[in-house]
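[1] Pasting the sequence and the predicted coordinates here, then a few questions.
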Amino acid sequence: MHAFRSAVESNKVDDIASLLDEKVTFNSPVAFKSFEGRETVAFVLQTAFETFEDFEYVRELDSPLDGYTGLVFRAKVDGLDIEGCDFIHETPDRLIDEFTVMLRPMKATQAFAEKMGAKLPKK
């Protein structure tokens, strides 16, 4: 099991920062600009996990040849079902240097965007 998934599933989201490279880039499904840096990305991820309800990973897709892992998840936002995938790339030192999230369907994604927008500082 991927270390990030393990941290999330054991409810140790405070440990996420230790899994991130200093120069990590986070590509959000609801923001035009990427978030950069360990502290910023850890905050965004922790906020996202506080925003989702009934979050669970349902599948792990591993590509050891190029350092990518896909973590498929299901959750709820304001009672709406949402599905997504976390695409994670790791450095040779096993630190996450790129994190991209995809979400569906649109209605739940919009609800998620509104909730996250209220919690994150404006860029």
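    Noted; the coordinates are in hand. These numbers were taken from a predicted model, which means no experiment stands behind them. Residues are numbered from 1 along each chain as shown.

[2] Strands of this structure, start to end?
    Per DSSP state E, the chain has strands spanning 20-27, 35-36, 53-63, 68-77, 80-90, 96-104. These are given in chain order.

[3] For those, give me TSV that also has distance to residue 14 and mean neighbour count.
    Where C-beta positions appear, they are placed from N, C-alpha and C, glycine not excepted. Formatted as TSV, these follow (distance: least, Cβ to Cβ, whole Å; neighbours: other Cβ atoms under 10 Å):
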stretch	distance to residue 14	mean neighbour count
strand 20-27	12	18
strand 35-36	18	16
strand 53-63	16	12
strand 68-77	19	18
strand 80-90	18	18
strand 96-104	16	18
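
[4] possible to save the ones you listed as TSV with mean pLDDT and distance to residue 112?
    Output for the strands of the chain, formatted as TSV (pLDDT from 0 to 100; distance: least, Cβ to Cβ, whole Å):
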stretch	mean pLDDT	distance to residue 112
strand 20-27	97	15
strand 35-36	96	15
strand 53-63	94	11
strand 68-77	96	5
strand 80-90	97	6
strand 96-104	97	7
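
[5] Which stretch among those strands approaches residue 9 most closely?
    Comparison of the strands of the chain against residue 9 by Cβ to Cβ identifies strand 53-63 as nearest, at 6.6 Å.

[6] Tell me which strands that closest one pairs with, and in which orientation.
    Based on DSSP bridges, the pairing partners of strand 53-63 within the sheet are strand 68-77 (antiparallel).

[7] Quick one: work out the angle between the strand it pairs with and strand 96-104.
    Using axes from the mean of the first three to the mean of the last three Cα atoms, to 10 degrees, the inter-axis angle of strand 68-77 relative to strand 96-104 is 40 degrees.
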